[in-house]
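Novice: coords below, sequence missing:
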DNA sequence: GTCTATATTCAGATAGAC
DNA sequence: GTCTATCTGAATATAGAC
């Protein structure tokens, strides 16, 4: 498994961080033990004291990435007051997820890029972790719908895939200098919750237009916290 | 460049299709000329008659993928009547994009997975194509906003990144047996255009609620937080 | 724990026969 | 156009010194 418990634990972590960066840049096959060792300030042979080989290394990177993100997002939601609205819960989850994947960007980008290339056995085992995190979002959406805040006709499974796909993509283009995580989350939250179009009545295009109505929507502030 | 014009052109294409599949499954470094040759029904050495080497091969896969998608989406939009609403145009673009990336799935998945790993020079050159396609979507969004159909406050650049990120992700999980492309596009279109939440007034979560445009009601809940 | 070897395997690319 | 054969470099992983 990913965690070995014993061993030095600090060298262990240094090697894992280095591996995440190299896997991110070079992919699975492109990552050499030499490059990881260099990045960690070691010689190639020394890695084998900490990890049995390349496969155990990538496995640890994969699992560590999701676990960290899942923990950060769940903690953020748990910190909300019990009275939080569905809107607030989803907004919080969106911002926490973006913040998390950027905080552990080396791991999430590495995962994204190598996932299709790692050996089946590793991928299958890792998928359990990912699916559990997806189920967490499914539950969040279903709770909000059960509370009556959500359009009742949406296919929530598809919506979750859509939202997480978009959120994960942020790690690819986010640059510290540009839009802040808070602003990005605000824009995405409004898009996901309220949509792009004017809520004012529009001519319906074909069947699926919802009944328009002149309601007002909350405008997510883009002001700094 | 990717296109050589001369040569056999049919073998050329067979090799390119094979390369897309292998790059998709094995990543950049993990793809061997031998594997591509196998997939194409050739011997390794024979590939070098069609492409100068691995780099020219990945370059061709990259460019061919975006080009095909861009063409399909632009054609779909061009086929709309001039009277089409912004909603219809965005819905059409969404469905066409999803259909396109699935139709050329080997290429788009390969691109997604190897992009971070190809040599800088190739990546930089290829980015011009991708950026041009992104600009096409930016223009679409801006046109719809200029027509007054869109919420005026959205950051359209961010929204475009969000939407394309989510759409591209569909190629990763789409399975022919499950939801149809049309249904997926319908769900995504509604999510992007109308949002997940009930259009009825909801308590604002943070920031201030937007001033109501219409004058037909005054139920403006105070910004709770 | 980390080092310096080194064995073994396999990659990209070329040369020249057919 | 496609083949076989081969050069050359580099990767994983191991062994054993420190």
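Specialist: Everything's here; your move. A quick note: this is a predicted structure, and the numbers were derived from the prediction, not measured.

Novice: what's near enough to touch residue A:157?
Specialist: Applying Cβ atoms under 8 Å, 6 or more residues apart in numbering or on different chains to residue A:157 gives the contacts residue A:138. The C-beta positions use only the backbone N, C-alpha and C, and glycine is treated the same way.

Novice: Give me the neighbour count for residue A:45.
Specialist: By the criterion of other Cβ atoms under 10 Å in any protein chain shown, residue A:45 has 10 neighbours.

Novice: Revised request: answer the last question for residue A:83.
Specialist: Residue A:83: 7 surrounding residues under other Cβ under 10 Å.

Novice: And the pLDDT for it?
Specialist: On pLDDT, residue A:83 comes in at 97.

Novice: Checking my notes, it in a strand, right?
Specialist: No. Read with DSSP: H, G, I helix; E, B strand; the rest coil, residue A:83 is coil and lies in no strand.

Novice: nearest residue to the closest residue to DNA strand C within chain A other than its sequence neighbours?
Specialist: Closest contact between chain A and DNA strand C, by Cβ to the nearest atom of the strand, is at residue A:45 (2.6 Å). Excluding its sequence neighbours, the residue lying closest to residue A:45 (Cβ to Cβ, 6 or more residues apart in numbering or on different chains) is residue A:37, at 8.0 Å.

Novice: do you know how far the one you found is from residue B:98?
Specialist: Residue A:37 sits 43 Å away from residue B:98, going by Cβ to Cβ, to the nearest Å.

Novice: Run through the neighbouring helices and strands of the helix or strand hosting the residue nearest to residue A:45.
Specialist: Using DSSP states H and E, residue A:37 maps to helix A:33-40. Here helix A:33-40 touches helix A:10-30, helix A:47-50, going by 3 or more Cβ pairs under 8 Å, 6 or more residues apart in numbering or on different chains; DSSP states H and E.

Novice: list the buried ones in the longest helix along chain A?
Specialist: Using DSSP state H, we find that the single longest helix of chain A is helix A:120-146. Residues of helix A:120-146 classed as buried by neighbour count (16 or more other Cβ atoms under 10 Å in any protein chain shown): A:122, A:123, A:126, A:129, A:130, A:133, A:137, A:138, A:140, A:141, A:144, A:145.

Novice: ok, those vs residue A:71, which is closest?
Specialist: Distances from residue A:71 to these, taken as Cβ to Cβ, are shortest for residue A:133 (10.0 Å).

Novice: and the gap between that closest one and residue B:15?
Specialist: According to Cβ to Cβ, residue A:133 and residue B:15 sit 39 Å apart.

Novice: for residue A:174, same thing?
Specialist: 36 Å.

Novice: now residue A:187
Specialist: Residue A:187 is 43 Å from residue B:15, where distance means Cβ to Cβ.

Novice: Same question for residue A:65.
Specialist: Per Cβ to Cβ, residue A:65 is found 35 Å from residue B:15.

Novice: Please apply the same query to residue A:53.
Specialist: The gap separating residue A:53 from residue B:15 is 33 Å, by Cβ to Cβ.

Novice: swap in residue A:59?
Specialist: Distance from residue A:59 to residue B:15, by Cβ to Cβ: 34 Å.

Novice: Those two - which one has more neighbours?
Specialist: Neighbours per residue (other Cβ under 10 Å) separate residue A:59 from residue B:15, with residue B:15 holding more: 25 against 21.

Novice: For that one, list the residues it contacts.
Specialist: Applying Cβ under 8 Å, 6+ apart to residue B:15 gives the contacts B:36, B:40, B:42, B:47, B:50, B:51, B:57.

Novice: what does residue A:159 give?
Specialist: Counting by Cβ under 8 Å, 6+ apart, residue A:159 makes contact with A:141, B:187, B:191, B:196.

Novice: cutoff 6 Å now
Specialist: By Cβ atoms under 6 Å, 6 or more residues apart in numbering or on different chains, residue A:159 lies in contact with residue B:191.

Novice: and it, helix, strand or coil?
Specialist: For residue A:159, the assignment made with three-state DSSP gives helix.

Novice: Check the gap between it and residue B:184 for me.
Specialist: 11 Å.

Novice: now do residue A:167
Specialist: Using Cβ to Cβ, residue A:167 is found at 18 Å from residue B:184.

Novice: ok, now residue A:19?
Specialist: The gap separating residue A:19 from residue B:184 is 35 Å, by Cβ to Cβ.

Novice: the more surrounded of those two?
Specialist: Higher neighbour count among residue A:19 and residue B:184: residue A:19, with 29 against 24, using other Cβ under 10 Å.

Novice: The more buried one and residue A:36 touch, don't they?
Specialist: Yes. The criterion here is Cβ atoms under 6 Å, and residue A:19 meets it with residue A:36 at 4.9 Å.

Novice: and the host helix or strand of residue A:192, anywhere near chain B?
Specialist: Following DSSP H and E, one finds residue A:192 within helix A:181-194. Yes. Residues of helix A:181-194 contacting chain B under Cβ under 6 Å from any Cβ of the partner chain: A:187, A:188, A:191, A:192, A:193, A:194.

Novice: what is the mean pLDDT for that helix?
Specialist: For helix A:181-194, mean pLDDT is 98.

Novice: same deal with stretch A:47-61?
Specialist: Stretch A:47-61 comes out with an average pLDDT of 94.

Novice: Can you give me the buried ones in that stretch?
Specialist: For stretch A:47-61, the neighbour count (16+ other Cβ under 10 Å) marks A:47, A:50, A:51, A:54, A:56, A:57, A:58, A:59, A:60, A:61 as buried.

Novice: And for stretch A:74-94?
Specialist: By neighbour count on 16+ other Cβ under 10 Å, the buried set for stretch A:74-94 is A:76-77, A:84-94.

Novice: Any residue of the host helix or strand of residue A:92 touching chain B?
Specialist: Using DSSP H and E, residue A:92 maps to helix A:86-103. Yes. For helix A:86-103 and chain B, the contact criterion (Cβ under 6 Å from any Cβ) is met by A:87, A:88, A:91.

Novice: How about the residues of chain A by DNA strand C?
Specialist: Proximity of chain A to DNA strand C is confined to A:7, A:8, A:11, A:37, A:41, A:42, A:43, A:44, A:45, A:46, A:49, A:50 under the rule Cβ under 7 Å from any atom of the strand.
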